[in-house]
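J.: Sequence and predicted structure are below.
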Amino acid sequence: MNSLDTRLGTLRGPARPLPHSARTLAALTANPACDRRSVIDAAGIDKDALATHLGTPGPVRKSQLALRFGLAFEDRVLGRDHAELVRLLRETLGLDLADVAYEDLNRVATDQERSTPTLRHIRTRSLIISAATGLAPPRTVLNHPVLRLPVAGHPVYLEPDVLAFHHDGTFHVVEIKSFPVIHGQADPVSVNAALTQAAAYILALRDILADEGLSPECVSDDIVLINPLNFTQRPTATRQSARRQVNSLRFHLDRLRRLPELLDHLPTGTSLDLAPDPEGKPTRPRRDLAASLARLPAHYTPRCRHHCDLAVYCRDEARSRNRTEALGTAVREDIAGITTTTTALALVDGHIHPSDAQEDITRALRHAQRLYDDLQAGSA
Ligand code: SF4
């Protein structure tokens, strides 16, 4: 164990670390400025357990109904000998039906082995290298592959839905998502999240090829995104570019090398340990836990509720400190350089003098105050 592991272990306490996944990696890019989340995820700390113990459970999760719909949809795409998948890949990638051969990586492992991804990763890696070097006939479609990506010095195992190996020598990631495409349009936030998850798979695939001295360019930036069409379970596929998400994720993974620097700023002995009793019930005093959490700088935005279990806690914290980010990203950007509403109000009423950098925004705020006062007077 290196010193970084030891420091992250001290922060986490004796709980088992939670591994990263494509979803948590995608969340990294959703709020890259948040050091709190970077450190907590690197330490593998259970954010949901933290938020629950602090009395601010995370935003509502997917309903059981939605989860069941998602599983049924995936079955529909991959079932019946992949009939729907083949149709969709032929339409989007031009795969000839005769080219389609499968390998289900779940079949190489026993139930017990399936719970540890190493064996499926070794097999996945071997199939990918064979396909890329032409040493073996390529498996055109790999189901349940397992990829590996180093994150802050630790291997993270990732499980894409499907990898398709095009007959012209290009790999494509295939993502099956249960959010619908309605009249040709899908929710852009959901599409971006799916592309960011796919970006993690693309980087992991490229790492395998680069390790073998093969060209990472064999892995396309384009992914095949499969969704239900309109309000049915009939699947439809679109080819989407994940280039922007790949670049963004690579940037943020590189940034995780700053972890030692972030940890250097924490007072010695800072811990987010919940100190569970023998029944697993947390005993750590909330005030004490909150004080430790406050030492990790947060960067709250209202979009945190889409991707982070600590969203309610961080929102309340931002409000209690009169932070401008609690009012939304637009407000924070409009009055950039002024971090609290207390400062903004003091600038407006002249209790503090603006710095050179604050003069323009102070004039704008005073103008807004005059308009507001006029409107109030007019409606009285
Ligand atoms: S909810 Fe809090 S910890 Fe999570 S990303 Fe937002 S600011 Fe960071």
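T.: Structure's in. What do you need? For clarity, every value in this text was computed on a predicted model and none was experimentally measured.

J.: give me every residue that touches Asp46.
T.: By Cβ atoms under 8 Å, 6 or more residues apart in numbering, the contact list for Asp46 reads 15, 18. All C-beta atoms are positioned from the backbone trio N, CA, C, and that covers glycine.

J.: ok, 6 Å please
T.: Leu18 (Cβ atoms under 6 Å, 6 or more residues apart in numbering).

J.: and the longest helix along the chain, how far out from the chain's middle?
T.: Looking across the chain with DSSP state H, the single longest helix is helix 64-93. From the chain centre to the centre of helix 64-93 is a distance of 23 Å (Cα atoms, centre = their mean, to the nearest Å).

J.: I figured Ser241 was touching Asp222, is that so?
T.: Yes. Under the criterion of Cβ atoms under 6 Å, Ser241 makes contact with Asp222 at 5.5 Å.

J.: For those two, indicate the residue with more neighbours.
T.: When neighbours are counted by other Cβ atoms under 10 Å, Ser241 and Asp222 differ, and Asp222 comes out ahead with 18 against 12.

J.: can you pull the pLDDT of Thr362?
T.: Listed pLDDT for Thr362 reads 91.

J.: what about it, helix or strand, and which?
T.: If you go by DSSP states H and E, Thr362 is part of helix 359-379.

J.: Now do the buried residues in that helix.
T.: Neighbour counts using 16 or more other Cβ atoms under 10 Å place 361-362, 365 of helix 359-379 among the buried residues.

J.: which other residues reach it?
T.: 335, 347-348, 354.

J.: By neighbours, which of the residues you listed wins?
T.: Leu347 (22 neighbours).

J.: Find me the pLDDT at it, would you?
T.: What the model reports as pLDDT for Leu347 is 92.

J.: same question, the one 10 residues further on
T.: According to the prediction, Ala357 has pLDDT 85.

J.: doesn't it fall inside a strand?
T.: No. Ala357: not assigned to a strand; according to DSSP: H, G, I helix; E, B strand; the rest coil it is helix.

J.: Next, count neighbours for it.
T.: For Ala357, using other Cβ under 10 Å, the count is 10.

J.: Also Thr329?
T.: The number of residues packed near Thr329 is 13, by other Cβ under 10 Å.

J.: hang on, it packs against Thr301?
T.: Yes. Between Thr329 and Thr301 there is a contact at 5.2 Å, judged by Cβ under 6 Å.

J.: Return the residues of this structure in contact with the ligand.
T.: 31, 34, 36-37, 298-300, 304, 308, 310-311, 314 (Cβ under 6 Å from any ligand atom).

J.: Most neighbours out of these, which is it?
T.: Ranked by neighbour count (other Cβ under 10 Å), those have Cys308 at the top, with 28 neighbours.

J.: Tell me how the chain divides into domains.
T.: As assigned by automatic domain parsing, the chain contains the domains 3-18+32-52+266-334, 64-254, 335-380.

J.: just for the stretch 251-380 of the chain, where's the confidence low?
T.: Applying pLDDT under 70 to the stretch 251-380 of the chain picks out residues 379-380.

J.: And the helices in it?
T.: 259-264, 286-294, 311-320, 329-334, 341-348, 359-379 (DSSP state H, counting those that start in this stretch).

J.: I'd like these as JSON lines, with distance to Arg76 appended.
T.: JSON lines is the format used below for the helices of the stretch 251-380 of the chain (distance: least, Cβ to Cβ, whole Å):
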{"stretch": "helix 259-264", "distance to Arg76": "42"}
{"stretch": "helix 286-294", "distance to Arg76": "43"}
{"stretch": "helix 311-320", "distance to Arg76": "33"}
{"stretch": "helix 329-334", "distance to Arg76": "38"}
{"stretch": "helix 341-348", "distance to Arg76": "50"}
{"stretch": "helix 359-379", "distance to Arg76": "53"}
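
J.: can you give me the strands in the stretch 1-150 of the chain?
T.: Assigned by DSSP state E, counting those that start in this stretch, the strands in the stretch 1-150 of the chain fall at 102-104, 141-143, 147-151.
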